[in-house]
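K.L.:
Sequence and predicted structure are below.
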Amino acid sequence: MDEHAKLPPQPTRSMKQFEILIGEWKMVGTHPALPPAMQGHSSFEWLVEGALLLWRFNWERGGPPSALSVIGHDDSIETCSQLYSDERGVARIYQMSLEGDTWKIWRDSPGFSQRMTGTISSDGTTITCHGELLRDGSHWEQDLDVTYTRKQ
C-alpha cells in the first residue's frame, strides 16, 4: 500500500487565523423581515485539522434557516471558500477572510449579492457582524446582523 494513502488530507495553506472561531457560540440576530432579537447557537470545529473547518448554525423557531458550512482553501486564491447549505435546500458559495480582528464573508451573484463584516473583540469572546444584500446592482440593504458570544 502507498504510504501517502494513509495520511489525512493536508491543508494547502494555513487556516490558523480561524482558530479563534473554534468552539460554541450563542447568537442574537436582527433582520428587517424577521422578529427582533432572534436567538440561536453556532459552533466551529475542525473537520480536518488545519485544512477544513465545519460551521453549524441553528436558530430558534421563527429565525433564519439553520445551516451547515464547510470552509477551506482553494490553492489558487488567497481567500477561503465557504460551501453553505441550509434547511430550505439553498446552497451557495461564499468567499471568506479573517485578518486581525476583521472577519469578512461575501458573495457576488447577479440579482442577489451578500456581504458581512464582523469585528472580533480583543478578548475573543464576542463577534459583532453586520450583513448587507444587493438585489438591484447599486443599493446595498440591511441583511442579517448577528452578535456571537462565546459560551463558557
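P.N.:
On my side now, so go ahead. Numbering: from 1, shown residues only.
K.L.:
show me where this structure has strands.
P.N.:
Assigned by DSSP state E, the strands in the chain fall at 23-30, 38-48, 52-59, 67-73, 80-86, 91-99, 102-107, 113-120, 126-134, 140-142, 145-150.
K.L.:
any residues touching the shortest one, and which ones?
P.N.:
This means strand 140-142. Strand 140-142 is contacted by residues 31-32, 115, 131-135 when judged by Cβ atoms under 8 Å, 6 or more residues apart in numbering. (Each C-beta comes from the backbone N, C-alpha and C, glycine too.)
K.L.:
now do stretch 127-139
P.N.:
25, 103, 110-121, 140-148.
K.L.:
so where's the chain uncertain?
P.N.:
For the chain, residues meeting the criterion pLDDT under 70 lie at 1-13.
K.L.:
Swap in 90 and give it another go.
P.N.:
1-17, 33-37, 47-51, 61-65, 73-79, 137, 152 (pLDDT under 90).
K.L.:
Which of the contacts of strand 140-142 are buried, as a ChimeraX select command?
P.N.:
What follows is the ChimeraX syntax for the buried subset of the contacts of strand 140-142, where burial is set by 16 or more other Cβ atoms under 10 Å:
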select :31,115,131,132,133,134
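K.L.:
any idea how far D86 lies from W55?
P.N.:
Distance of D86 to W55, given as Cβ to Cβ, to the nearest Å: 12 Å.
K.L.:
same deal with M27?
P.N.:
12 Å.
K.L.:
shouldn't S66 be in contact with D86?
P.N.:
Yes - S66 lies in contact with D86 (Cβ atoms under 8 Å); the separation is 6.6 Å.
K.L.:
picking that back up, quickly list what's touching both of M27 and W55.
P.N.:
Common neighbours of M27 and W55 (Cβ under 8 Å, 6+ apart) are S42.
K.L.:
what about G100, how many neighbours?
P.N.:
For G100, the neighbour count with other Cβ atoms under 10 Å is 8.
K.L.:
hang on, I meant D145
P.N.:
Neighbours around D145, by other Cβ under 10 Å: 17.
K.L.:
Any figure for the gap between it and S121?
P.N.:
Counting by Cβ to Cβ, the gap from D145 to S121 is 16 Å.
K.L.:
Out of the strands of the chain, which gets nearest to K16?
P.N.:
strand 91-99 (9.9 Å; Cβ to Cβ).
K.L.:
Pick out whichever of the contacts of strand 140-142 sits closest to A51.
P.N.:
R115 (25.6 Å).
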